[in-house]
Structures are given as C-alpha cells and as structure tokens.
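Colleague: sequence unknown, structure follows:
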C-alpha cells in the first residue's frame, strides 16, 4: 500500500533493481506517471485478480487498512489496501495479509486459497495486535505464522511470543525480530 513505511523504500529498490512490480491499479498508475517507473515493469490488478509473473501466481485479496500516498502538499488516493496470496512454481503458497485488521472474509480467503504459511501483522496501533492476530489465525486455519509489522517503532508493541502464547502449540509462530531473514 501507499504508506511511507512501505512505498518509499520500495521506490528506491525498484529504481535500483528494476523488478516486475505487482500492485493495485491506483498505485501502478502513480508509479508510472509520478515516479517514472517504466510501465512495462508494472502489473496493476485489483482484488480477486490473479497475476502470473514468470510462473509465480499472485492473487490480490482484501486487507482492511488505509492506502493514501503522502506527497508534498497532501495525500494522494492509493486505492484499496491489498493482501496477497502468492503461489510459487513448486506449489508452496503464502498468504501475505499486508497491513490489516482481522476481518471475517479471512476464512473465505483460506477456503479459496490453501496456503502453507501466513504473514500476519502483530504490532498493534496501525494494524491488528497479537489478540486480533490470534483470531485471524483461527479464521485462516494456518499452522505456521510469520509475524510482521512490529517492533520497528516503539508504538508497534506486539511481539511474536504474545501471539504464540495466544494460539498455543498447534501453531508455529516464528520468533523473529525486525530485519531477520526467514
């Protein structure tokens, strides 16, 4: 989504490495028209659509969060926030919830897209914290969780150990710190 803690680092990386970028329509237009990213490298879709990038299938799904892009002079509409279901060529599939709160249709996402691991925000304040993430784990029926969006600012106080305690031993919550490689 378009918030500074995501898009601004991504812009620098995109300019340097020139990857194919999968995003929502509005951010795709903004990247091409305002940021000078080559439109040939932007694949802009919307919720429910599946995009194939060199054999990797990316389905854009709902997230419950805002998506404005801060620019000098104001905030630009960035479309709806998105989560992603990413299926690799070998069939391994992840659900990347994006910045979000828990929502009932997480169960529908799980029903439509079986995945091996879920990346869930747990920081609280701007996204769900550990308690609400535990409900997301229940709705998703997932057995492995990679916690994200925590510990990078003092206000993002949720921790992996808190989520692990709430979901019990039936679910593996990776005990990671910001910057760790998974």
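Modeller: Right, received. Where do you want to start? All figures in this text were calculated on a predicted structure; none of them were measured in a lab.
Colleague: got the phi and psi for the residue lying farthest from the centre of the chain?
Modeller: In the chain, the residue that sits farthest from the middle, by CA atoms, centre = their mean, is residue 73; the gap is 27.1 Å. Residue 73 adopts backbone torsions of phi 90, psi 0, taken as degrees, to the nearest 10.
Colleague: look up how far residue 30 lies from it.
Modeller: Taking CB to CB, to the nearest Å as the measure, residue 73 falls 14 Å from residue 30. For glycine as for every other residue, the C-beta is placed from the backbone atoms N, C-alpha and C.
Colleague: this protein: strands as residue ranges?
Modeller: 21-24, 42-45, 50-53, 56-62, 69-71, 74-76, 82-87, 93-96, 117-121, 144-148, 172-173 (DSSP state E).
Colleague: what strands flank the shortest one, and is each parallel or antiparallel?
Modeller: Yep, that's strand 172-173 we're talking about. Using DSSP bridges, strand 172-173 pairs in its sheet with strand 144-148 (parallel).
Colleague: same question, the third one
Modeller: Within its sheet, and counting by DSSP bridges, strand 50-53 is paired with strand 56-62 (antiparallel).
Colleague: buried stuff in the partner strand?
Modeller: Within strand 56-62, the residues scored as buried using 16 or more other CB atoms under 10 Å are 58-62.
Colleague: re the thing from before, with distance to residue 128 added, can I get the strands of the chain in CSV?
Modeller: Shown next, in CSV, are the strands of the chain (distance: least, CB to CB, whole Å):
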stretch, distance to residue 128
strand 21-24, 21
strand 42-45, 25
strand 50-53, 25
strand 56-62, 14
strand 69-71, 22
strand 74-76, 23
strand 82-87, 12
strand 93-96, 14
strand 117-121, 6
strand 144-148, 11
strand 172-173, 14
